[in-house]
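Chemist: Turn this into a model:
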Amino acid sequence: AAQFNMAGVALRQLLLGVAACACALAQTAEDAPLSGEERERLGLAVRWLAGRKCASDSANADVMRMNALETSKANDMLRRRTPHRTVRRALWNFGYAEDPWVPCAAEEARWWAPGLFRAVAKWTHCCNKLPAITKCPGDRYVDGGGELDDVAVCRSYLPAALTPETCTVYSFGIAGAWGFDDSMADAGCTVHSFDPTAKFRPRHESHVHERVTFHYVGLRGRPDDSSQAEGNAATYYGALGGRMLDLGEIMEELGHKRIDVLKLDCEGCEWEAFAHLARTKAHVLDALRGVLIMEIHVTEELAMKTNADFRRFITFYEELVEKRGWKLWSVHINPGGFADRTVHSDLASLGLKQGVCCYEIAMVHPDQF
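Modeler: Below you'll find the predicted structure:
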């Protein structure tokens, strides 16, 4: 019996060694230099995310209206002898200094949902007061959304009747900001909120809304994925403490077969999370059928610095955009914190802006338009 046990232990150790070796070989292949063909594919993904070189009459008209309104507010405050410094704090420099750039016709037709470009005010955004560019049929948004750094969700892309049975929302990355989650619950959806950050746990667990459930859980890709831990460590969010699961495992635990709205802001974890699903659980990607809202992180500090990271970027773009047909309907640039703004020179040469950490995007599944 002792000899049998020793043999079993030796076999398990051998299998673990083989698995570790295979994993190491896979990681070595992932970090190999990009081929010319891969670089072209990466360039296409960059154009999808950041290619905006044209103007839009409808978006520019929105900006003119915003500026007129802000100027009117400023003049009214000044007439009441409000100190100039207070006026500037209350309003963003009396209006926008520039009109928003939008994709040109070819990029719009390929990558964006139908409709006119509009500009949506982002006065309360932490880091970029310039407007988001959006396409929302009927300009109907979920009430209460879009506060601070949140994306205002286009109502036209949601089920006609919002009930806990017809609308399931997963929201990853809370950091004490409940505006998105509560607004979706107020609209009628069932919301599951996830954040594994240790220092926010007491605040998150004390939050109360009858249709919002908090889970001290984070999103990962493969089992050894540490991208969110590294991203959090590079920002003020700090250490993780909750369980880390992939999206398929979370859906299985909660008994869900479909997600209508997925919001994701996890400091760079999005790349490996989606690449892992594409490699091993493509059926989970097929369960996303409505709206996808993400903060895409593109700097070295936030999981976009190696050839393996670039390949994950390619996988994300090709799996969701090219293969499954997801279309953009909102983009807003977020420069992020000063410590998180190093764009890799290879990505900068393909068109990403230096000094911009993130792109806040919203996408819609082709079934919804």
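Chemist: ok, the residue lying closest to Trp271 once chain neighbours are set aside - how many residues close by?
Modeler: In this structure, Trp271 finds its nearest non-sequential neighbour in Arg312, 3.9 Å apart by C-beta to C-beta, 6 or more residues apart in numbering. All C-beta atoms are positioned from the backbone trio N, CA, C, and that covers glycine. Arg312: 24 surrounding residues under other C-beta atoms under 10 Å.
Chemist: Give me the three-state assignment for Arg312.
Modeler: helix (DSSP: H, G, I helix; E, B strand; the rest coil).
Chemist: Report the contact partners of it.
Modeler: Applying C-beta atoms under 8 Å, 6 or more residues apart in numbering to Arg312 gives the contacts Trp271, Glu272, Phe274, Ala275.
Chemist: Check whether the second one sits in a helix, strand or coil.
Modeler: When the structure is split into helix, strand and coil by three-state DSSP, Glu272 lands in helix.
Chemist: mind listing what it touches?
Modeler: By C-beta under 8 Å, 6+ apart, the residues touching Glu272 are Arg220, Gly221, Arg222, Asp225, Ser227, Ala303, Arg312.
Chemist: Which residue is the nearest non-sequential neighbour of it?
Modeler: Gly221 (3.2 Å).
Chemist: if I look at the one you found, how far off is Ala161?
Modeler: 35 Å (C-beta to C-beta, to the nearest Å).
Chemist: Give me the more crowded residue out of the two.
Modeler: The residue with more neighbours, out of Gly221 and Ala161, is Gly221; 25 against 9, by other C-beta under 10 Å.
Chemist: Mind telling me which residue is nearest the centre of the chain?
Modeler: Met294 (1.5 Å; C-alpha atoms, centre = their mean).
Chemist: what ranges do the helices span in this structure?
Modeler: 2-30, 36-50, 57-79, 84-90, 105-111, 179-186, 201-206, 227-233, 247-254, 270-280, 282-286, 307-316, 345-350 (DSSP state H).
Chemist: What is the third one packed up against?
Modeler: This means helix 57-79. helix 84-90, strand 118-120 (3 or more C-beta pairs under 8 Å, 6 or more residues apart in numbering; DSSP states H and E).
Chemist: distance between that helix and the chain's centre?
Modeler: Centre-to-centre, helix 57-79 and its host chain are 30 Å apart (C-alpha atoms, centre = their mean, to the nearest Å).
Chemist: now that helix: mean pLDDT?
Modeler: On average, the pLDDT along helix 57-79 is 84.
Chemist: For the biggest strand by length in the chain, give me every contacting residue.
Modeler: The longest strand of the chain (DSSP state E) is strand 288-297. Strand 288-297 has contacts (C-beta under 8 Å, 6+ apart) with 49, 151, 153-154, 157-159, 173, 180, 231, 258-265, 267-268, 270-271, 303-304, 320, 326, 334, 357-365, 367-368.
Chemist: Please convert the buried members of the contacts of Glu272 into PyMOL selection syntax.
Modeler: Those of these that count as buried under 16 or more other C-beta atoms under 10 Å are selected in PyMOL with:
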select buried, resi 220+221+225+227+303+312
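Chemist: And the contacts of Glu272, which is closest to Val63?
Modeler: Ala303 (33.3 Å; C-beta to C-beta).
Chemist: Leaving out chain neighbours, which residue sits closest to that closest one?
Modeler: Nearest one to Ala303, counting by C-beta to C-beta, 6+ apart, is Gly268 at 3.0 Å.
Chemist: who's in contact with the closest residue to His204 other than its chain neighbours?
Modeler: Distances taken as C-beta to C-beta, 6+ apart put Phe214 closest to His204, at 5.0 Å, once the chain neighbours are dropped. Neighbouring residues of Phe214 by C-beta under 8 Å, 6+ apart: Ile174, Ser193, Phe194, Asp195, His204, Glu205, His207.
Chemist: How are the strands of the stretch 101-250 of the chain distributed by residue range?
Modeler: 118-120, 132-134, 168-172, 190-194, 212-215, 217-219, 243-245 (DSSP state E, counting those that start in this stretch).
Chemist: what about the ones you listed, which gets the closest to Met66?
Modeler: Nearest of the strands of the stretch 101-250 of the chain to Met66, taken as C-beta to C-beta: strand 118-120 at 7.2 Å.
Chemist: In PyMOL, select just the buried ones from the contacts of strand 288-297.
Modeler: Selecting only the buried entries of the contacts of strand 288-297 in PyMOL, with 16+ other C-beta under 10 Å as the criterion:
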select buried, resi 49+151+153+154+157+158+173+180+231+259+260+261+262+263+264+265+267+268+270+271+303+304+320+326+334+357+358+359+360+361+362+363+364+365+368
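Chemist: quick one on the thing from earlier: can you show me the CA trace of the longest strand of the chain as CSV?
Modeler: Provided in CSV are the C-alpha atoms of strand 288-297 (Å, rounded to 0.1, in the frame of the first residue of the first chain):
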residue,chain,number,x,y,z
LEU,A,288,-23.4,37.9,-24.0
ARG,A,289,-26.3,39.2,-26.1
GLY,A,290,-27.1,42.8,-25.3
VAL,A,291,-24.8,45.6,-24.2
LEU,A,292,-21.1,45.5,-23.3
ILE,A,293,-19.7,48.5,-21.4
MET,A,294,-15.9,48.5,-20.7
GLU,A,295,-13.0,50.7,-19.8
ILE,A,296,-10.3,49.4,-22.1
HIS,A,297,-6.8,49.9,-20.6
